[in-house]
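In: My questions are about this predicted structure, shown below with the sequence.
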Number of protein chains: 2
Amino acid sequence: MKIIDGGICSVKGVRSYGIKPGKMGLAVIVGEGNAAGVFTRNKVIAAPLIVTREALQKNGKLAAIIANSGNANAFTGEEGLADAREMASVLSTKLGVDSELIGVASTGVIGRKLDVGWIKDNIDEVVDSLTSSPQGNSQAARAIMTTDTVPKMAAVELNTGICIGGIGKGSGMIEPNMGTMLGFVYTDAEVATDVLDSCLKKAVDKSFNMVVVDGDTSTNDMVLLTATGASGIKPDMNEFQQGLEHVLTDLAKQIAKDGEGATRLIEAQVRGAVSEGDAKLVAKAIVRSPLVKSAVFGKDPNWGRVVAAAGYSGADVDQDKISLAFSNGSDSAVLVDNGKIVSEDNELLEKLGSIMGSPEVIIKVDIHMGDSCATAWGCDLTYDYVRINAEYTT
Amino acid sequence: MKIIDGGICSVKGVRSYGIKPGKMGLAVIVGEGNAAGVFTRNKVIAAPLIVTREALQKNGKLAAIIANSGNANAFTGEEGLADAREMASVLSTKLGVDSELIGVASTGVIGRKLDVGWIKDNIDEVVDSLTSSPQGNSQAARAIMTTDTVPKMAAVELNTGICIGGIGKGSGMIEPNMGTMLGFVYTDAEVATDVLDSCLKKAVDKSFNMVVVDGDTSTNDMVLLTATGASGIKPDMNEFQQGLEHVLTDLAKQIAKDGEGATRLIEAQVRGAVSEGDAKLVAKAIVRSPLVKSAVFGKDPNWGRVVAAAGYSGADVDQDKISLAFSNGSDSAVLVDNGKIVSEDNELLEKLGSIMGSPEVIIKVDIHMGDSCATAWGCDLTYDYVRINAEYTT
């Protein structure tokens, strides 16, 4: 497996494009094949998710995706549902494909009527520009951004020549609204719908579902995986799963790193838990803790907050067994060893200083109670997070 | 029932005092009787909680409480446990009571050895100043403060003349550490230990357990209730429970309002849930949401975030049935009515402006699915929260 450029456009059979002239953005991705989706667990579900889920349930296939930024089309009732169907219909007419093969996604402000007129006005420009060149990928990735500061894309080529590529967007606020995680992933492998379903679910659980920016779950979160089959190759499923997880994890880390107001990526690596569920509870509690997040912003190796988060996570934890280290990938500083506090000599303090100043702070916790592990990603809590989310007034 | 001044010192048979000359503070409360306690659910439990729980389990009684601020005596191993026992022993000797009748509490930095010498040096001054005057109450309430900005106390007199009074401290950081919620509550009613136990648990579930400042659960949280019986009156249990809940709720609201960096109290009132558990999930999700908290700081009536929090809370919620209003106690502005967005005319916007500028913002949600209700308290998320928790460097 090797990491390649190009995102979704590195996948045979995929063309895309997008525009983002102002707050509203429009992206179209064309790539036909078996498809699977994972949707928000929020019980308040945005209209486009309902439409996309219906399409997947009925056909197990997608021909194209239409996505807008600037308006989430969430909490918009029957009218919102009609608007989401209208989006599918607009693209369906333009492409000449069945509207029940179109995935629809939206991100932006909740509770405001979607301006479908704007989408109709701009669909020609986007569809006429569809391309399999890298520009198609980056234009689509940019078009779905809200307060994301950078477009997010990732791709790998498996040993068999199969490509898996994706674009994503993360937790940014464009307006008084939830951030939304969207991921559109493609592969040119030949894979059946039910297999795609289980591969995607497994990969999302290890990647997108392990990202916490502020602990709020959006009404619009969605990850779609389409297999165009254009490579003509049936993949080795182990390698395929590995490649898929790489792409999704890469996108997930990009999303965490670009969280609202973030200056640093926090990675919590937990091992030694009695179950994978427990390992996830601890890892997510650490990256969710506002105290840990504030400490990382302040470059403070405040391990007491990490231990406390492990303690209240709900997982089986014994304070006399925990080990804890901060790392930046190259250097590592052990602060607690099997429940014993390591005395902080000058060498340790110097190492800690350089680790806490790194753009990626890795918090390693070993619970020493079992064999399970998990990794979660988050970002620091900064003045800018508060500013971004407080200063907009409806 | 009437609300009275004096906190714990309004309760017959209770004397207290405290000092807080610097970061370390020391409080002693003397009041003998049947006693019950509620302790943190964090699996990392501080040493003083272990000592206090043992005392209650063995005797069902307390004679006195010794509490320090400035050091949590948490994650301090066997040595920490010995230090907590030493605190009990120091007070026991001074008062001439069995050390197994002494409750011990600590709040402050995690993972540092407690300076028991400082406590020994200062115990005489505190014990010699013990008084049942209001000064005793306020000195003790001040001595347990960390970054709390005001001491917290509440008391009521029941119709039968029984008094219930308490002091508390909330989520403040003194150092690189969790905020801790402590509550010491006394009554002069005659109540058996097992009855106190169930009364306290029920009252804490409606009060302290419904406060969220940042969603982090301390290693040191503890609420103790002692019944001195000095009034000679066996209470009407309904009235007693009502009085106890009033005192604990009052303390809980004071704690929420004085959360780190807070400028406003947020009260989430949820009704129409299918169960009390569901109502609590929704109420706590709202006051925990960093997006809702930031919006309240920014005076932004951002109801989309409230609806989204209800949706991901885990409770049964139907977006087509939700009603939602913002209120400040006198004015109320309905924004969503049975799933329909209320159009925001000038009158509504004006009312909203005044509500969002109030020191207490009440968010009322009716789920319209059942008969259960719950209330939770929190505070806004501000630049100062980030500053307080980021700028300290170990």
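Out: Looks like it came in fine.

In: List phi and psi for the residue of the stretch 101-250 of chain A found nearest chain B.
Out: Evaluated by CB to the nearest CB, the stretch 101-250 of chain A has A:Ile110 as its residue closest to chain B, separated by 3.2 Å. C-beta here means a position set from N, CA and C on the backbone, and glycine is covered the same way. Backbone dihedrals for A:Ile110, given as degrees, to the nearest 10, come out at phi -90, psi 140.

In: Tell me the pLDDT of it.
Out: The score at A:Ile110 is 81. That number is its pLDDT.

In: from memory it sits against A:Gly70, does it?
Out: No: under the criterion of CB atoms under 8 Å, A:Ile110 is not in contact with A:Gly70, lying 12.0 Å apart.

In: Quick one: neighbours of A:His246, just the number.
Out: Under the neighbour criterion other CB atoms under 10 Å in any protein chain shown, A:His246 is assigned a count of 19.

In: Equivalent analysis for the one 4 residues further on, please.
Out: In terms of burial, A:Asp250 registers 19 neighbours under the definition other CB under 10 Å.

In: again with A:Ile50
Out: Each residue near A:Ile50 was counted by other CB under 10 Å, and the total is 16.

In: In which helix or strand does it reside?
Out: In the assignment (DSSP states H and E), A:Ile50 maps to helix A:47-59.

In: So what touches that helix?
Out: Applying CB atoms under 8 Å, 6 or more residues apart in numbering or on different chains, the external contacts of helix A:47-59 come out as A:35-37, A:39-40, A:62, A:73-74, A:76, A:80-81, A:83-85, A:87-88, A:100-106, A:219-220, A:222, A:224.

In: from these, which ones fall inside strands?
Out: Of the positions in these, A:Ala35, A:Ala36, A:Gly37, A:Phe39, A:Leu62, A:Ile102, A:Gly103, A:Val104, A:Ala105, A:Ser106, A:Met222, A:Leu224 sit in strands, assigned by DSSP state E.

In: wait, the fifth one sits on A:Ile29?
Out: No: with contact defined as CB under 8 Å, A:Leu62 and A:Ile29 do not form a contacting pair (9.1 Å).

In: tally of neighbours for the residue of the stretch 101-250 of chain A closest to chain B?
Out: A:Ile110: 26 surrounding residues under other CB under 10 Å.

In: Quick check: it vs A:Asn71, distance?
Out: Distance, A:Ile110 to A:Asn71, by CB to CB, to the nearest Å: 9 Å.

In: low-scoring stretches of the stretch 151-300 of chain A, by residue?
Out: Low-confidence regions of the stretch 151-300 of chain A, defined by pLDDT under 70, span residues A:171-180, A:213-217.

In: where along it do the helices fall?
Out: Taking DSSP state H, counting those that start in this stretch as the criterion, the stretch 151-300 of chain A carries its helices at A:193-206, A:237-257, A:276-288, A:290-297.

In: the domain parsing of chain A - what is it?
Out: Taking automatic domain parsing as the reference, chain A has its domains at A:2-256, A:265-390.

In: right, so of the ones you listed, which gets closest to B:Cys373?
Out: Proximity of these to B:Cys373 was assessed by CB to CB; the nearest stretch is domain A:2-256, lying at 18.8 Å.

In: Pull out the buried positions in stretch A:311-318.
Out: If you call a residue buried by 16 or more other CB atoms under 10 Å in any protein chain shown, then stretch A:311-318 has these buried ones: A:Gly311, A:Tyr312, A:Ser313, A:Ala315, A:Val317.

In: and what of stretch A:339-346?
Out: By neighbour count on 16+ other CB under 10 Å, the buried set for stretch A:339-346 is A:Gly339, A:Ile341.

In: For that stretch, C-alpha coordinates in CSV please.
Out: What follows is stretch A:339-346 as a C-alpha-only set of coordinates in CSV (Å, rounded to 0.1, in the frame of the first residue of the first chain):
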residue,chain,number,x,y,z
GLY,A,339,0.5,4.1,39.4
LYS,A,340,3.7,5.7,40.7
ILE,A,341,4.5,9.3,39.9
VAL,A,342,7.9,9.7,38.1
SER,A,343,9.9,12.4,39.7
GLU,A,344,10.3,15.3,37.3
ASP,A,345,14.1,16.0,37.0
ASN,A,346,15.5,18.6,34.6
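
In: Any chance you could list what contacts that stretch?
Out: Contacts of stretch A:339-346 with the rest of the structure, by CB under 8 Å, 6+ apart, involve A:318-322, A:334-336, A:348, A:352, B:75, B:77, B:111.

In: Can you give me the distance of A:Gly103 to B:Val14?
Out: Spatial separation of A:Gly103 from B:Val14 under the definition CB to CB is 67 Å.

In: Would you mind listing what in the stretch 201-350 of chain A touches chain B?
Out: A:214-219, A:288-291, A:294-295, A:297-305, A:307-312, A:315-320, A:339-341 (CB under 8 Å from any CB of the partner chain).

In: Could you rerun that using 7 Å?
Out: By the rule CB under 7 Å from any CB of the partner chain, the part of the stretch 201-350 of chain A lying against chain B is A:214-219, A:289-291, A:294-295, A:297-302, A:304-305, A:307-309, A:311-312, A:317, A:319, A:339, A:341.

In: What pLDDT is listed against A:Leu381?
Out: Model confidence at A:Leu381 (pLDDT) stands at 87.

In: The spatially closest residue to it that is not a sequence neighbour: how many residues sit nearby?
Out: Taking CB to CB, 6 or more residues apart in numbering or on different chains as the measure, A:Leu381 lies nearest to A:Lys293, with 3.6 Å between them; neighbours along the chain are not counted. For A:Lys293, the count of nearby residues is 31 (other CB under 10 Å).

In: contacting residues for A:Lys293?
Out: A:Lys293 makes contact with A:Ile266, A:Gly378, A:Asp380, A:Leu381, according to CB atoms under 7 Å, 6 or more residues apart in numbering or on different chains.

In: Show me the beta-bridge partners of A:Ala64.
Out: When bridges are called by DSSP bridges, A:Ala64 pairs up with A:Val30, A:Ile102.

In: isn't it right up against A:Leu95?
Out: Yes: using CB atoms under 7 Å, A:Ala64 and A:Leu95 qualify as a contacting pair, with a distance of 6.0 Å.

In: any idea which helix or strand carries the nearest residue to A:Cys9 once chain neighbours are set aside?
Out: Counting by CB to CB, 6+ apart, the nearest residue to A:Cys9 once its immediate chain neighbours are dropped is A:Asn137, at 3.9 Å. Following DSSP H and E, one finds A:Asn137 within helix A:134-143.

In: Identify all contacting residues around that helix.
Out: Counting by CB under 7 Å, 6+ apart, helix A:134-143 makes contact with A:5-9, A:15-20, A:25-27, A:29, A:69, A:130, A:151-153, A:167, all of which sit outside it.

In: Pull out the buried residues from it.
Out: Under the neighbour-count criterion of 16+ other CB under 10 Å, helix A:134-143 has A:Gly136, A:Asn137, A:Ser138, A:Gln139, A:Ala140, A:Ala141, A:Arg142, A:Ala143 buried.

In: if you average pLDDT over stretch A:74-91, what comes out?
Out: Stretch A:74-91 carries an average pLDDT of 95.

In: what's the spacing between that stretch and its chain's center?
Out: Once both centres are worked out by CA atoms, centre = their mean, to the nearest Å, stretch A:74-91 turns out to sit 24 Å from its chain's centre.

In: buried residues in it?
Out: By neighbour count, with 16+ other CB under 10 Å as the criterion, the buried positions of stretch A:74-91 are A:74-76, A:80-81, A:83-91.

In: wait, does it contact chain B?
Out: Yes: contact check for stretch A:74-91 against chain B, using CB under 7 Å from any CB: residues in range are A:Phe75, A:Gly77.

In: related to what we said a few turns ago, would TSV of the contacts of A:Lys293 with neighbour count and secondary structure be doable?
Out: What follows is the contacts of A:Lys293, written out as TSV (neighbours: other CB atoms under 10 Å in any protein chain shown; DSSP: H, G, I helix; E, B strand; the rest coil):
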residue	neighbour count	secondary structure
A:Ile266	27	strand
A:Gly378	30	strand
A:Asp380	24	coil
A:Leu381	33	coil
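
In: Okay then, goodbye and thanks.
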